[in-house]
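# Test case, fold it:
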Amino acid sequence: MPDIACVQIPFATPPGAPPRRSHPCFTGRVSSNPTVTVELAAPADAAALGEVAAVTFPLACPPGAGAADIAAFIADVLSPRRFTDYLADPARTVLKAVADGRVIGYSLLVAAEPTDPDVAAAVTLRPVTELSKMYVLPGHHGNGVAAALMAASLDRARTADSAGVWLGVNQENQRAQSFYAKHGFQVVGTKTFLVGAQLHSDFVMQRVF
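Take a look at the predicted model:
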């Protein structure tokens, strides 16, 4: 199963296609906010990443998700300790969006074979990278940060010679689906994801390189 139920940037939908790769990790100015850069995260960023995750994950979950289930999921999957583990895992890449020295968003890529049977059946690309997590703090929605994170994430997957990228998005989150579609993703299947005691329905989307 992928690491997260609601993998999405639900509010930022800036126009334009992702820039072409010029470096394995895209680092540069975001068009509408020149103080924001996207960089590879380091172990020292684990606490800041956990703080961003704790704020943003509840905003991306469907309305029916219970507060206790969300809190348990954050503690189990999105804590600073877990980010320390992710940063030490060679199959995972964490990118951070930084403004004025503060982490304001992140994405997490997993270069591995899908283990969810529904995903494995829907995503036929091999090798493939999962866009497991992608979030931006709500105060920075709509200013190009999400587009920069997406561009950097796709570039990183290309650099790893993936045939494409897949992700899961809650079926109720139409805004997130629109954002992903603008960046070349298409729905190829469905899956379920358990948050606490609640089972949620996701679309599986993929982008082919």
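
# At which residues are the helices of the chain located?
46-60, 67-77, 80-88, 117-122, 145-159, 174-182 (DSSP state H).

# Pro117 - how many residues pack around it?
10 (other C-beta atoms under 10 Å). Where C-beta positions appear, they are placed from N, C-alpha and C, glycine not excepted.

# do Asp76 as well
Using other C-beta under 10 Å: Asp76 sits among 10 other residues.

# Grab the nearest non-local neighbour of it.
Distances taken as C-beta to C-beta, 6 or more residues apart in numbering place Arg82 nearest to Asp76, at 7.6 Å, with adjacent residues excluded.

# Kindly provide the distance from the one you found to Val55.
Per C-beta to C-beta, to the nearest Å, Arg82 is found 16 Å from Val55.

# and the gap between Pro138 and Leu194?
From Pro138 across to Leu194, the span is 26 Å (C-beta to C-beta).

# ignore the last one, Ala148
Using C-beta to C-beta, Ala148 is found at 31 Å from Leu194.

# next one: Ser201
11 Å.

# Kindly report the same for Gly184.
According to C-beta to C-beta, Gly184 stands 29 Å off from Leu194.

# Settle it for me: which of these two has more neighbours?
Applying other C-beta under 10 Å to Gly184 and Leu194 shows that Gly184 carries more neighbours, namely 17 against 12.

# Just list the residues touching the residue nearest to the more buried one when sequence neighbours are not counted, thanks.
Leaving aside its chain neighbours, Gly184 sits nearest to Arg207 (4.4 Å; criterion: C-beta to C-beta, 6+ apart). Counting by C-beta atoms under 8 Å, 6 or more residues apart in numbering, Arg207 touches 154, 164-166, 183-186.

# again, only using 6 Å
With contact set as C-beta atoms under 6 Å, 6 or more residues apart in numbering, Arg207 has these partners: 164-165, 184-185.

# Of those - the most surrounded one?
Ranked by neighbours (other C-beta under 10 Å), the contacts of Arg207 are led by Val165, which has 27 neighbours.

# Let me know the pLDDT of that residue.
With respect to pLDDT, Val165 has a value of 99.

# That one reaches Arg156, doesn't it?
No. Under the criterion of C-beta atoms under 6 Å, Val165 is not in contact with Arg156, lying 9.4 Å apart.

# average pLDDT across stretch 68-84?
On average, stretch 68-84 scores 96.

# just to revisit the earlier point, and which of the contacts of Arg207 is nearest to Lys96?
Within the contacts of Arg207, distances to Lys96 taken as C-beta to C-beta reach their minimum at Val165, with 18.4 Å.

# Quickly list what that closest one is bridged to.
Residues in a beta bridge with Val165, per DSSP bridges, are Thr129, Arg207.

# dump the residue contacts of it.
Applying C-beta under 6 Å, 6+ apart to Val165 gives the contacts 129, 131, 157, 207.

# Tell me the one of the residues you listed nearest Pro63?
Leu131 (23.3 Å).

# On the pLDDT front, check the closest one for me.
At Leu131, pLDDT is 99.

# ok, it - contacts?
153, 165, 167.

# Arrange those residues in a markdown table, one row each, with distance to Val110 as further columns.
Compiled in a markdown table, the contacts of Leu131 are given as follows (distance: C-beta to C-beta, whole Å):
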| residue | distance to Val110 |
| --- | --- |
| Ser153 | 11 |
| Val165 | 10 |
| Leu167 | 10 |
